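>>> Here is my input, please return the structure:
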Amino acid sequence: MASPRKLLFHISDIHFGLEDQRALDWAASEIARSQPDAVIITGDLTMRARHREFAAATAWIRALDIPVTVEVGNHDMPYFNLIERFVNPYKRFAGMAELVELEIDLPGIAIVPLTTAVPAQPRLNWSKGWVSDAALAKCLAAIDALPPGTQALVACHHPLREVGTQGTALTRNGQKALAELARRPVAAVLSGHVHDAFDLCEQTENGPVRMIGAGTLSQRTRSTPPSFNELVWNGERLAVTVRNLAHKATAEMLVDEVPEDAQPPHS
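Numbering: from 1, shown residues only. Modelled structure (predicted):
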């Protein structure tokens, strides 16, 4: 019988255009050495969605030679071509189109995407998340179609936190999404966006949902050094280790609240 153990690497916020090359080289070498069952990249591959940034991101991801699913981040929407942003917002992912929001099914556990980055929304700050009814329905249908006994890891860019520290919605309809996910066999929701790692339990009207965030591999660090998450699924439990260039213990890397954004905190 095959071992239920699955090794997954959760990476986020690479931000080609302002990438940390040392961190990228280190992460790629760790992937080559460990050969995880899959790599989950939860968005913001680029800094300004420029063609050269996508070309660099595509080359780096293709070179991993590992099953990869890529979520779309707010920085990956065209900044300077609004027509393209509204008409074909994923056009610049062409070099890795088959990896975008790809469901990866492994024995006992599946990575299921949930779109949170949208081209536009009825508020001034378009960098924040929005879970549309269609996106949520698609995610829930994919979870409901999994084989009996299979757990889901839901991958999205924005943390599904409805209210941030300053009372503004970090992800609109995030609480609704969490409440629906709590009804289902979801081991955790994986996200990025805030550039610090976290591992928190969010309470909903239908029960708790575990939320796991990855840090950044860019120069845009917030309060912790560049990092990615190593996830180990043993068939019953998901263990998280925050791998980082500073060799800090995971407990030192995890923040105890979802930050409001990716900006450095005020001193």
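>>> count of neighbours near the residue nearest to Arg85 when sequence neighbours are not counted?
Take Arg85 and drop its neighbours on the chain: the residue closest to it by CB to CB, 6 or more residues apart in numbering is Pro78, 4.4 Å away. (Glycine included, C-beta is placed from N, CA and C.) Residues contacting Pro78 under the criterion other CB atoms under 10 Å number 21.
>>> From Asn229, how far off is Pro78?
Counting by CB to CB, to the nearest Å, the gap from Pro78 to Asn229 is 29 Å.
>>> Ala117 too?
For Ala117, the distance to Asn229 equals 20 Å [CB to CB].
>>> can you give me the helices for the stretch 151-267 of the chain?
174-181, 250-253 (DSSP state H, counting those that start in this stretch).
>>> circling back to that earlier point, my guess is the residue nearest to Arg85 meets Ala49, correct?
Yes - using CB atoms under 8 Å, Pro78 is in contact with Ala49, at 5.0 Å.
>>> what residues are shared contacts of the two?
Common contacts of Pro78 and Ala49 (CB atoms under 8 Å, 6 or more residues apart in numbering): Arg92.
>>> Contacts only, for Thr224.
Each residue near Thr224 by CB under 8 Å, 6+ apart is listed here: His195, Asp196, Ala197, Gly215, Asn244, Lys248, Met253, Val255.
>>> go on, Ile212?
Ile212 makes contact with His10, Ala188, Val189, Leu190, Ser191, Ala197, Phe198, Asp199, Asn229, Leu231, Leu238, Val240 under the criterion CB under 8 Å, 6+ apart.
>>> could I get the residues you listed as TSV with neighbour count?
Formatted as TSV, those follow (neighbours: other CB atoms under 10 Å):
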residue	neighbour count
His10	29
Ala188	22
Val189	25
Leu190	28
Ser191	31
Ala197	25
Phe198	22
Asp199	20
Asn229	27
Leu231	25
Leu238	19
Val240	20
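>>> and which of those is nearest to Val209?
Using CB to CB, Val189 comes nearest to Val209 of these, at 6.2 Å.
>>> how much space between the nearest residue to that closest one once chain neighbours are set aside and Glu180?
Nearest non-adjacent residue to Val189, counting by CB to CB, 6+ apart: Val154, 4.6 Å away. Val154 sits 10 Å away from Glu180, taking CB to CB as the criterion.
>>> Just to check, Ala55 is in contact with Ala94?
No - Ala55 is beyond contact range of Ala94, at 10.3 Å (criterion: CB under 8 Å).
>>> Compare the two (neighbour count), which wins?
Ala55 (14 against 11).
>>> Report the secondary structure element holding that one.
If you go by DSSP states H and E, Ala55 is part of helix 51-64.
>>> Toward the C-terminus, what is the element adjacent to that helix?
From helix 51-64, the next helix or strand downstream (DSSP H and E) is strand 68-70.
>>> What residues of that next one count as buried?
Going by neighbour count (16 or more other CB atoms under 10 Å), the buried part of strand 68-70 is Val68, Thr69, Val70.
>>> With stretch 73-84 instead?
Gly73, Asn74, His75, Asp76, Met77, Pro78, Glu84.
>>> re earlier: hang on, the residue nearest to Arg85 is in a strand, isn't it?
No - checked against DSSP: H, G, I helix; E, B strand; the rest coil, Pro78 lies outside a strand; its state is coil.
>>> give me every residue that touches it.
Contacts for Pro78 (CB under 8 Å, 6+ apart) come out as Ala49, Glu84, Arg85, Pro89, Lys91, Arg92.
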